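Trainee: Okay, sequence plus prediction incoming.
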Amino acid sequence: MECMGSLELFLHDDNVRLPLLVQLGLIHVQFETIRPFLDGNGRLGRLLITLLLCSSGALKDPLLYLSLYFKTHRDRYYDLLQKVRTEGAWEEWLEFFLERTETTARQSADTVVELVRLFAEDRQRIQTLGRSAASALRVHEYMQKKPLMNIGAAADELGLSIPNVAGTLKNLAEVGIACETTGRQRGRGVCLQSIFADCHCRDRTASRGDIVPVRARFTALRRAQYGRNLVAVMVAPAVVFSYIVLRIPARQLVPRY
């Protein structure tokens with residue numbers, strides 16, 4: 001508790017004049033060394049970076065996730081954490097942390113640019129639907145915020161009938177934009193193909209019940225999807241921790257989609 005108290009004082013010390021990312025690198029090591037919880041310290045420690053970027057105003061939404069990068073390079077990551085503890089290798093750790101933050105930020109920016117391009121391509125194809133294009137554009141805009149969607153929920157939020165949404169999604173599927181993922185007659189789920197590379201769709205040429213993979217047009221958003229799943233997994237402990245220690249309102253923890 002004494003160590004966590006010292007970390008909290010550092011978090012809220014207005015006299016600290018270090019650059020924000022350097023502060024985050026120091027805070028991350030300290031949290032991972034203290035390990036205040038019985039389980040989930042690694043996940044929460046990595047999520048802490050994003051939460052602090054949001055609370056400081058550096059990010060409006062939690063769109064930068066280092067967790068996947070650290071997991072990909074876990075051997076180097078854990079070695080450097082240990083070297084800080086045993087040898088005081090702060091400079092080596094901070095160099096790694098800052099370089100990886102820059103790399104991840106550039107990848108996130110590239111992802112956004114690619115998404116904008118793909119959505120523009122989708123809109124061009126929607127224009128070929130003729131009179132159905134207007135409702136298709138509404139559903140497509142909704143799917144950009146909720147790329148994995150339920151037909152009934154979409155109908156409620158858009159103020160449209162379920163048959164209307166289902167018919168629109170059928171049109172979107174015909175031009176390669178939407179994909180039915182469940183194979184059910186009721187409670188069907190649909191994904192936006194321009195985002196998800198690994199969704200599986202019911203092939204109209206396959207026999208009943210067969211599910212075949214859809215060729216991906218885009219894979220970079222898997223990083224963002226991983227981060228969104230991480231937020232969902234950690235939301236309960238993160239809400240408690242952020243309210244008590246970080247003083248971040250709970251409404252800032254979950255990205256708006």
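Mentor: In hand now; what should we look at?
Trainee: so which strand or helix has K83?
Mentor: Assigned by DSSP states H and E, K83 belongs to helix 74-87.
Trainee: For L81, which residues are in contact?
Mentor: 29, 32-33, 93 (CB atoms under 8 Å, 6 or more residues apart in numbering). Where you see a C-beta, it was placed from the backbone N, CA and C, and this is true even at glycine.
Trainee: So what's the residue count around M4?
Mentor: When neighbours are counted by other CB atoms under 10 Å, M4 registers 14.
Trainee: just checking, it touches I34?
Mentor: Yes: using CB atoms under 8 Å, M4 is in contact with I34, at 6.0 Å.
Trainee: anything in contact with each of those two?
Mentor: Residues touching both M4 and I34 (CB under 8 Å, 6+ apart): there are none.
Trainee: Any idea how many residues pack against K71?
Mentor: 12.
Trainee: Need phi/psi at T72.
Mentor: Dihedral angles of T72 (phi, psi; degrees, to the nearest 10) stand at phi -70, psi -40.
Trainee: Restrict stretch 134-146 to CA atoms and write it as CSV.
Mentor: What follows is stretch 134-146, C-alpha atoms only, in CSV (Å, rounded to 0.1, in the frame of the first residue of the first chain):
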residue,chain,number,x,y,z
ALA,A,134,-30.1,6.1,-49.4
SER,A,135,-31.0,3.5,-46.7
ALA,A,136,-27.9,1.6,-47.5
LEU,A,137,-25.8,4.7,-46.7
ARG,A,138,-27.5,5.0,-43.4
VAL,A,139,-26.9,1.4,-42.4
HIS,A,140,-23.3,1.7,-43.7
GLU,A,141,-22.7,4.7,-41.5
TYR,A,142,-24.1,2.8,-38.5
MET,A,143,-21.8,-0.1,-39.3
GLN,A,144,-18.7,2.1,-39.3
LYS,A,145,-19.4,2.7,-35.6
LYS,A,146,-20.6,-0.9,-34.9
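Trainee: ok, and for that stretch, which residues are buried?
Mentor: 135-140, 142-143 (16 or more other CB atoms under 10 Å).
Trainee: Export these as a markdown table, with columns for distance to D110, secondary structure and pLDDT.
Mentor: Below are these laid out as a markdown table (distance: CB to CB, whole Å; DSSP: H, G, I helix; E, B strand; the rest coil; pLDDT from 0 to 100):
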| residue | distance to D110 | secondary structure | pLDDT |
| --- | --- | --- | --- |
| S135 | 32 | helix | 92 |
| A136 | 28 | helix | 94 |
| L137 | 26 | helix | 94 |
| R138 | 28 | helix | 94 |
| V139 | 27 | helix | 93 |
| H140 | 22 | helix | 94 |
| Y142 | 25 | helix | 93 |
| M143 | 21 | helix | 91 |
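Trainee: what's the most distant pair in the residues you listed?
Mentor: S135 and M143 (12.6 Å; CB to CB).
Trainee: before we move on, back to that, chain center to the helix holding K83, what's the gap?
Mentor: Distance of helix 74-87 from its chain centroid, counting by CA atoms, centre = their mean, to the nearest Å, is 26 Å.
Trainee: Need the contact partners of stretch 117-126.
Mentor: With contacts defined as CB under 8 Å, 6+ apart, stretch 117-126 is touched by 133, 136-137, 140, 144, 172, 175-177, 194-195, 217-218.
Trainee: Apply 6 Å and report the result again.
Mentor: 133, 136-137, 175, 177, 194, 218 (CB atoms under 6 Å, 6 or more residues apart in numbering).
Trainee: Going through the residues you listed, which ones are buried?
Mentor: Buried subset of the contacts of stretch 117-126 (neighbour count, 16+ other CB under 10 Å): 133, 136-137, 177, 194, 218.
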